[in-house]
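In: everything below, folded, please.
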Amino acid sequence: MENVYGYVRVSSIDQNEDRQLIVMNNNNVPMDNVYIDKQSGKDFERPQYKKLVKKLKAGDLLYILSIDRLGRSYEDIQKQWRILTKDIGVDICVIDMPLLDTRNGKDLMGTFIADLVLQILSFVAQNERENIKRRQAQGIAAAKAKGVRFGRPESPVPNEFGEIIKQWEKKQLSIDDLLRLCNMSEATFYRKLREYRVSGNG
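Out: Now for the predicted structure:
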């Protein structure tokens, strides 16, 4: 007897999985059989997905809302689809794309159409991901050009920076004590130290 499972993924802990869970419930997927990951789809290093794959066996049915919930890399989606449908023997239903339901069209033509649709959709998913990254990079570059600074504001160099350096060089201060006094990370300290020396102070 087949078991019915669902896989839900949201990109971060800030996103809500309710919409996907409602769809799973509407398709009579037992909530105990729904596996949820809250992380990026850039790879398959996802704990709940791994747990699900170990649970699946031939004849089981897996629901996902859309192909980009499975992943966003063209090659990874193709590979996982083969593992699930060919190696394990699971049926997959992509809810928002009825053509991607392996229970339908088990003949050669049905398989061909499903494979073709899968290739197109997985390509679109990866292409969209790359477009998002490109737009983000362009937005960051434009903001930087306008003088917008990203990350935490740097702590100012303390007035007694030179004296602190001397004590540290004489081993009167540990690096931990120095960083605490300067309120800096180690990387920032060494960068400020180089700037200090280049300016002719050290």
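
In: okay, Pro153: pLDDT?
Out: What the model reports as pLDDT for Pro153 is 62.

In: repeat for the one 5 residues further on
Out: Reading off the per-residue confidence, Pro158 sits at a pLDDT of 84.

In: so it sits right up against Leu181, yeah?
Out: Yes - under the criterion of C-beta atoms under 8 Å, Pro158 is in contact with Leu181, at a separation of 7.0 Å. Using the backbone N, CA and C atoms, a C-beta is placed for each residue, glycine as well.

In: packing partners for the helix or strand harbouring Val23?
Out: Secondary structure assigned from DSSP states H and E places Val23 in helix 18-26. Packing contacts for helix 18-26, counted by 3 or more C-beta pairs under 8 Å, 6 or more residues apart in numbering; DSSP states H and E, involve strand 4-10.

In: so for the strand it packs on, mean pLDDT?
Out: Mean predicted confidence for strand 4-10 is 93.

In: so what does that strand touch, helix or strand wise?
Out: helix 18-26, strand 34-38, helix 47-55, strand 61-64, helix 67-70.

In: dump these to CSV, plus mean neighbour count and distance to Thr188.
Out: What follows is those, written out as CSV (neighbours: other C-beta atoms under 10 Å; distance: least, C-beta to C-beta, whole Å):
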stretch, mean neighbour count, distance to Thr188
helix 18-26, 15, 42
strand 34-38, 19, 32
helix 47-55, 14, 34
strand 61-64, 23, 44
helix 67-70, 22, 38
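
In: redo those as TSV? Include distance to Trp81.
Out: Formatted as TSV, the helices and strands packed on strand 4-10 follow (distance: least, C-beta to C-beta, whole Å):
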stretch	distance to Trp81
helix 18-26	19
strand 34-38	17
helix 47-55	12
strand 61-64	11
helix 67-70	8
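
In: so which of these gets nearest Glu2?
Out: strand 61-64 (5.6 Å; C-beta to C-beta).

In: distance from the chain centre to that closest one, please.
Out: Centroid separation for strand 61-64 versus its chain: 21 Å, with C-alpha atoms, centre = their mean, to the nearest Å.
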